[in-house]
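A.B. asks: dropping a prediction and its sequence here:
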Amino acid sequence: MAVAEQEPVALIDGFAGEVLQPDDAAYDGARSVHNGLVDKRPALIARCRGTADVVAAVNAARENGWEVSIRGGGHNVAGTAVTDGGLMIDLSLLKGIHVDPAARTVHAQGGVLWKELNRETQLHGLAVTGGAISTTGIAGLTLGGGLGWLMTKLGLAADNLLSVELVTADGRVLTVSADEHPDLFWGLRGGGGNFGVATSFEYRLHPVGPMITGGLIAHPIDAAGDLLRFMRGFAEGIPDDLMFVAGCVHAPDGSGVPLAAVGVCHSGSLEDAEKDLAPLLEFGSPALSMIGPMPYEAVCQMLDDAYPKGALNYWKSTFLSELSDDAIDSMISQFESCPSPMTAMIVEHFHGEVTRVPVDATAVPHRQPGYNLVITGIWMDPSTTEANVAWTRDTYDAMAPFAESRRWLNYLPAEEADDTALHATFGPNYERLVELKSTYDPTNLFRLNANIKPR
């Protein structure tokens, strides 16, 4: 039931935060998320100041039959953080971070962004795998698995999760870990927002930085085929310390110049990085080369400008077991017809620690070496939305002959979260997730997500 259907609109008993309604001055800012294509209007926005507020909001939604959405960082491209006519539980004010450098752990609340977490952990030369875009929220990224620059060295963000404080559909507050509710802990590491509201996270930290080696190298688009074929060979046998992404992009300086580009993060010693990256730096005739020693925080922010808040986004992704010649040719051919000077086609290379975790160790089943292909349709002019969405879908279809039947959860468009896509997303772990959903959210209160339906 939508909140708007009830007269008068009920407020939330026991709530100490701020409740916004459509007429309030702060309402539009609070309902907006990173993807400007998302334009939904909650009837109420509950801006929480602590876990007790989350409990009050969850109880109100359950007791009144309201549709509920959960906003952490608001970065998810599918826009499931916002409900139309229901209750948005907004965690964006929950910014507490505590680093324990001796234990090498960090506790962080559900509204924290990766750049905020990195800022605190890097004071101690520590880090955990976080988003390749620093404005991503820790909550959604971690619950969806957590790809990032350190995944080849440390595994996913979810692989480094130690505990979660979770508010369940019945209003309980659980500490979830390997020792407490271990079945639920398994599901939270990659099962998305299906099981409750994660109000805080505890991560294991590792020595990284503050100075590492990273940056971008770009070649003229005419060299894309040669560059991607080179990267296919370069990827063989590279160390865990080295993570790269590669593909066809547009220059982020506003010129829209098409380029073939590689982004790298080498978290080992500066001497090892110089040796390991030498073949890449010596290849071809780059138009731009900006790879060298830099702060780890800078590596995590180097792609931010290409993904501005408010831009219109429609993304699709799939996995490639290899970068075959035909797959490379298809990528380049599709990119030539791209209607936006902001769109990119990127492959994220899977190797190292992320591929050593057993498929059934967490809810994330994607542990095979290979490439995650991400088609990031991005544009600014709403009048071109139809053309950009159509191009993204057509490009995904054109890459299908080279793709595996696997999908990454956090790149899944909202309208495609059906049984076929969910089986491709969770693979052999899907049925176990259904059982967990049936136990912890049998009425499917938390359904604005890539929804695992209870039995």
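C.D. replies: Done, it's in. Residues are numbered from 1 along each chain as shown.
A.B. asks: can you mark which positions in stretch 114-129 are buried?
C.D. replies: W114, K115, E116, L117, N118, T121, Q122, H124, L126, A127, V128, T129 (16 or more other Cβ atoms under 10 Å). Where C-beta positions appear, they are placed from N, C-alpha and C, glycine not excepted.
A.B. asks: how far away is the second one from H75?
C.D. replies: Between K115 and H75 the distance, using Cβ to Cβ, to the nearest Å, works out to 11 Å.
A.B. asks: got any residues that touch both of those two?
C.D. replies: Residues touching both K115 and H75 (Cβ atoms under 8 Å, 6 or more residues apart in numbering): T135.
A.B. asks: so which strand or helix has the residue nearest the centre of the chain?
C.D. replies: Taking Cα atoms, centre = their mean, the centroid of the chain lies closest to L141, which sits 4.0 Å from it. Assigned by DSSP states H and E, L141 belongs to helix 138-143.
A.B. asks: CA atoms of that helix as PDB?
C.D. replies: Coordinates of the C-alpha atoms in helix 138-143 are reproduced here as PDB (Å, rounded to 0.1, in the frame of the first residue of the first chain):
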ATOM      1  CA  ILE A 138      29.800   1.300   1.200                       C
ATOM      2  CA  ALA A 139      26.500  -0.300   2.000                       C
ATOM      3  CA  GLY A 140      25.100  -1.100  -1.500                       C
ATOM      4  CA  LEU A 141      28.500  -1.900  -2.900                       C
ATOM      5  CA  THR A 142      29.400  -4.400  -0.100                       C
ATOM      6  CA  LEU A 143      26.000  -6.100   0.000                       C
END
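A.B. asks: i'd like the first residue to be 291 from this point on
C.D. replies: Okay, residue one is now 291; in that scheme the one you just asked about reads as helix 428-433.
A.B. asks: could you say what helices and strands it packs with?
C.D. replies: For helix 428-433, the packing partners by 3 or more Cβ pairs under 8 Å, 6 or more residues apart in numbering; DSSP states H and E come out as helix 404-411, strand 487-494.
A.B. asks: not counting its own residues, what contacts the last one?
C.D. replies: Read that as strand 487-494. Counting by Cβ under 8 Å, 6+ apart, 341, 344, 348, 360, 362, 379, 381, 384, 386, 394-400, 418, 428-429, 432-433, 447, 450-457, 463, 467, 478, 736 sit against strand 487-494.
A.B. asks: among those, name the buried ones.
C.D. replies: Using 16+ other Cβ under 10 Å, the buried members of the contacts of strand 487-494 are 341, 344, 348, 360, 362, 379, 381, 384, 394-400, 418, 428-429, 432-433, 447, 450-457, 467, 478, 736.
A.B. asks: which of these fall within strands?
C.D. replies: The strands, defined by DSSP state E, take in 360, 379, 395-399, 451-457, 467 from those.
A.B. asks: what's the average pLDDT for the helix or strand following the helix holding L431?
C.D. replies: On the C-terminal side of helix 428-433, the nearest following helix or strand under DSSP H and E is helix 441-444. Summarised as a single mean, pLDDT over helix 441-444 is 98.
A.B. asks: tell me the contacts of S614?
C.D. replies: F692.
A.B. asks: same check, this time on E308
C.D. replies: With Cβ under 8 Å, 6+ apart, E308 has these contacts: A316, A336, R337, R339.
A.B. asks: test my guess that the third one contacts L384.
C.D. replies: No. Checked against Cβ atoms under 8 Å, the pair R337 and L384 is beyond contact range at 9.7 Å.
A.B. asks: any chance you could map the strands in the stretch 641-745 of the chain?
C.D. replies: 660-669 (DSSP state E, counting those that start in this stretch).
A.B. asks: out of the buried residues of stretch 404-419, which is nearest to P585?
C.D. replies: Taking Cβ to Cβ as the measure, P585 lies nearest Q412 of the buried residues of stretch 404-419, at 7.4 Å.
A.B. asks: and that closest one, how far is that from M533?
C.D. replies: Q412 is 18 Å from M533, where distance means Cβ to Cβ.
A.B. asks: swap in H496?
C.D. replies: 14 Å.
A.B. asks: what sits against L456?
C.D. replies: V463, L464, T465, V466, L474, L478, F485, G486, V487, A488, T489 are the contacts of L456 under Cβ under 8 Å, 6+ apart.
A.B. asks: beta partners of the first one?
C.D. replies: As for beta bridges, V463 partners with V457 under DSSP bridges.
A.B. asks: OK, contacts around it?
C.D. replies: T341, V345, E455, L456, V457, T489.
A.B. asks: 7 Å instead?
C.D. replies: V463 makes contact with T341, V345, E455, V457 under the criterion Cβ atoms under 7 Å, 6 or more residues apart in numbering.
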